[in-house]
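Q: Coordinates only, no sequence provided:
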């Protein structure tokens, strides 16, 4: 997924070109960018971090925490406070290598960074990327127990404190945190648990629907179904019929052979009914992933995708031709009308079988938008063919412990009810831990976040996670931005001409809020 060359040390001047700053000013002024400065180079650094912040042993065990350090623009704007070269922007890393979030934060690195003359730091979450406390044995029993949101937040507090105390020109600098998805949750909790370290934070697409918060466990799949239905009318219904067909095929040996052949599964993937339903779940995960990442232009956020992948999927499934992937989402429903494929699964006639085969092949072709957009995958392996953020085992462990979010499935997806007992048994069998369902509300307050000030909550309505987000401010010091036509934390990405106007407007509002936070901070000090 890395597109750019990493730099441990950069030989180029830290002074940006005047063109970079002018382009950043234009982006902020008009809400979109005709051109952008290139992504700034970063230094890959490692910090000796305590393994267990909550055990006061005399000789604490440590591990190497990776962080990315970007100083190209720092100090390029007039100093506002003695001893401070400029603000610090701090990314609270989440469940992938931190370079993934560098790739997906162009608005911060290419627009806000040069505009404010900021030092930018991307902190990597323990047990992800290169921040593995026990190397390739980090997920072994006993070793994985140091993985938690609480420990990660403490990592960030220690790292940030050290940076401000040991880097020349950083001591008096204001810090603004930001993060997307689980990273947005961490930014929120950073403001909750360590408010003295930052002056504000942006939490993009952050879900808080913990057990007992009242959000339906079906909300996510219902919202994902709506995203597909809004793309092309009838798409979600056709997907539901496709899943019904797959469930029928999964129950017989001959059906599984047809299933495997149509979807080009690698050998050994569909040998029994259990494996067949694992593949069905893998297909469902691909569809929900597309709803989350339904960006208006091609991206590679842990997996390469075309622009508007939901529309591309529905078009393939329903035998329609896409006019343009660059069109705004609402306008992309104007396709030539054709009858969708229908199949009566109780009908055993040859005509019905042909229609069933046709639907099966169309569904296999459609899921390739997510799992094989490059066309290079010869056969599917449901363990290997997953996004970077879908790989074992860090997020799965967090989902059993610090970040347990109840889930169930309906809408266009195969129905499965919420079952806390089954979830807990699964976590115990896999990791030796039992779910504490109320912990998310006890430790992190669930939706009861009214005590947090200076925070922006942004959510895109194409993203199924918006159903678990903060959609209404809880006090006058919180800013809530709801973004139509936007997928998972699209507002954090580098501005693109294909961005809907709603995203452009959201970024302008975010910048106005950050500007005010910084002004309020600077006014507390004597002016130069």
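A: Great, that's in hand. Predicted, not measured: the structure shown is a model, and the values here were computed from it.
Q: for residue 108, what are its contacts?
A: 89, 91, 120, 178, 492 (C-beta atoms under 8 Å, 6 or more residues apart in numbering). All C-beta spots, glycine's among them, are computed from the backbone N, C-alpha and C.
Q: Check what pLDDT the residue most central in space within the chain gets.
A: Nearest residue to the geometric centre of the chain (C-alpha atoms, centre = their mean): residue 181, 4.6 Å. On pLDDT, residue 181 comes in at 97.
Q: these two touch, right, it and residue 188?
A: No - counting by C-beta atoms under 8 Å, residue 181 stays clear of residue 188, with 11.6 Å between them.
Q: where do the contact lists of the two overlap?
A: With C-beta under 8 Å, 6+ apart as the test, residue 181 and residue 188 both reach residue 206.
Q: just for the chain, where's the confidence low?
A: 1-34, 320-356, 390, 526-528 (pLDDT under 70).
Q: show me the contacts for the residue nearest to the centre of the chain.
A: Residue 181 sits in contact with 94, 204, 205, 206, 207, 465, 488, 489, where contact means C-beta under 8 Å, 6+ apart.
Q: Farthest pair within those?
A: Using C-beta to C-beta, the contacts of residue 181 reach their maximum pairwise distance at 94 and 465, which is 12.9 Å.
Q: Which stretches in the stretch 301-450 of the chain count as strands?
A: Secondary structure of the stretch 301-450 of the chain by DSSP state E, counting those that start in this stretch: the strands cover 304-305.
Q: just to revisit the earlier point, which among the contacts of residue 181 gets closest to residue 368?
A: After measuring the contacts of residue 181 against residue 368 - C-beta to C-beta - the closest member comes out as residue 488, at 20.9 Å.
Q: From residue 466, how far off is the closest one?
A: 9 Å (C-beta to C-beta, to the nearest Å).
Q: Tell me the secondary structure at residue 201.
A: What DSSP: H, G, I helix; E, B strand; the rest coil gives for residue 201 is strand.
Q: surely residue 210 meets residue 446?
A: Yes - between residue 210 and residue 446 there is a contact under C-beta under 8 Å: 4.8 Å.
Q: Those two - which one has more neighbours?
A: residue 210 (23 against 18; other C-beta atoms under 10 Å).
Q: Report the contact partners of the more buried one.
A: So residue 210 contacts 404, 405, 406, 440, 441, 444, 446 (C-beta under 8 Å, 6+ apart).
Q: Just send those residues back as JSON lines, with distance to residue 235 too.
A: Formatted as JSON lines, the contacts of residue 210 follow (distance: C-beta to C-beta, whole Å):
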{"residue": "404", "distance to residue 235": "31"}
{"residue": "405", "distance to residue 235": "26"}
{"residue": "406", "distance to residue 235": "27"}
{"residue": "440", "distance to residue 235": "34"}
{"residue": "441", "distance to residue 235": "36"}
{"residue": "444", "distance to residue 235": "36"}
{"residue": "446", "distance to residue 235": "34"}
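Q: Sort out which one of those residues lies nearest residue 222 for me.
A: residue 406 (14.0 Å).
Q: Spell out, range by range, the helices that occur in the stretch 351-500 of the chain.
A: 394-400, 420-431, 439-444 (DSSP state H, counting those that start in this stretch).
Q: out of these, nearest to residue 311?
A: That would be helix 394-400 among the helices of the stretch 351-500 of the chain, by C-beta to C-beta, at 27.8 Å.
Q: for the closest one, packing partners?
A: helix 420-431 (3 or more C-beta pairs under 8 Å, 6 or more residues apart in numbering; DSSP states H and E).
Q: and if we set it to 10 Å?
A: helix 182-193, helix 420-431 (3 or more C-beta pairs under 10 Å, 6 or more residues apart in numbering; DSSP states H and E).
Q: In TSV, list the ones you listed along with distance to residue 288.
A: Formatted as TSV, these follow (distance: least, C-beta to C-beta, whole Å):
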stretch	distance to residue 288
helix 182-193	15
helix 420-431	18
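Q: out of these, deepest packed?
A: Each of the helices and strands packed on helix 394-400 was scored by mean neighbour count; the highest is helix 182-193, a mean of 26, by mean count of other C-beta atoms under 10 Å.
Q: before we move on, back to that, now, the most widely separated pair of the contacts of residue 210?
A: 406 and 444 (15.0 Å).
Q: hmm, back to that, common neighbours of residue 210 and residue 446, please.
A: 438, 440 (C-beta atoms under 10 Å, 6 or more residues apart in numbering).
Q: just to revisit the earlier point, give the ChimeraX command for selecting the buried subset of the contacts of residue 108.
A: In ChimeraX, this line selects whichever of these come out buried by 16 or more other C-beta atoms under 10 Å:
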select :89,91,120,178,492
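Q: Format the contacts of residue 108 as JSON lines; extra columns: secondary structure and distance to residue 373.
A: Formatted as JSON lines, the contacts of residue 108 follow (DSSP: H, G, I helix; E, B strand; the rest coil; distance: C-beta to C-beta, whole Å):
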{"residue": "89", "secondary structure": "strand", "distance to residue 373": "32"}
{"residue": "91", "secondary structure": "strand", "distance to residue 373": "27"}
{"residue": "120", "secondary structure": "strand", "distance to residue 373": "30"}
{"residue": "178", "secondary structure": "strand", "distance to residue 373": "28"}
{"residue": "492", "secondary structure": "helix", "distance to residue 373": "22"}
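Q: which two from the contacts of residue 108 end up farthest apart in space?
A: 120 and 492 (12.8 Å).
Q: Residue 396 is in contact with residue 423, isn't it?
A: No - if you go by C-beta atoms under 10 Å, residue 396 and residue 423 don't touch, sitting 11.6 Å apart.
Q: follow-up on the earlier one: reformat the helices of the stretch 351-500 of the chain as CSV; add distance to residue 162.
A: As requested, the helices of the stretch 351-500 of the chain are arranged in CSV below (distance: least, C-beta to C-beta, whole Å):
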stretch, distance to residue 162
helix 394-400, 24
helix 420-431, 31
helix 439-444, 25
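Q: Specify the stretch among those that is closest to residue 245.
A: The nearest among the helices of the stretch 351-500 of the chain, by C-beta to C-beta, is helix 420-431 at 25.8 Å.
Q: Which strands or helices does that closest one pack on?
A: helix 394-400.
Q: now the helix it packs on: how far from the chain's centre is it?
A: Distance of helix 394-400 from the chain centroid (C-alpha atoms, centre = their mean, to the nearest Å) equals 15 Å.
Q: Other residues contacting it?
A: Defining contact as C-beta under 10 Å, 6+ apart, one finds that helix 394-400 is touched by 94-96, 125-129, 132, 138-139, 144-145, 147-149, 152, 182, 389-390, 403-405, 407, 423-424, 426-428, 430-436.
Q: and stretch 112-124, how far apart are its ends?
A: 21 Å (C-alpha to C-alpha, to the nearest Å).
Q: Tell me the most packed of the contacts of residue 210, by neighbour count.
A: If you count neighbours using other C-beta under 10 Å, the busiest of those is residue 440, which has 24 neighbours.
Q: so what's it closest to, chain neighbours aside?
A: residue 210 (3.2 Å; C-beta to C-beta, 6 or more residues apart in numbering).
Q: Next: residue 295.
A: Excluding the flanking residues, the one nearest residue 295 by C-beta to C-beta, 6+ apart is residue 487, at 5.6 Å.
Q: Now for that neighbour: which residues touch it?
A: Residue 487 neighbours (C-beta under 10 Å, 6+ apart): 205, 227, 290-296, 299, 301, 308-310, 329, 460-466, 493, 503.
Q: count of residues packed around the closest residue to residue 169 other than its chain neighbours?
A: In space, and not counting its chain neighbours, residue 169 is closest to residue 85: 3.9 Å by C-beta to C-beta, 6+ apart. Number of residues near residue 85 (other C-beta under 10 Å) recorded here: 23.
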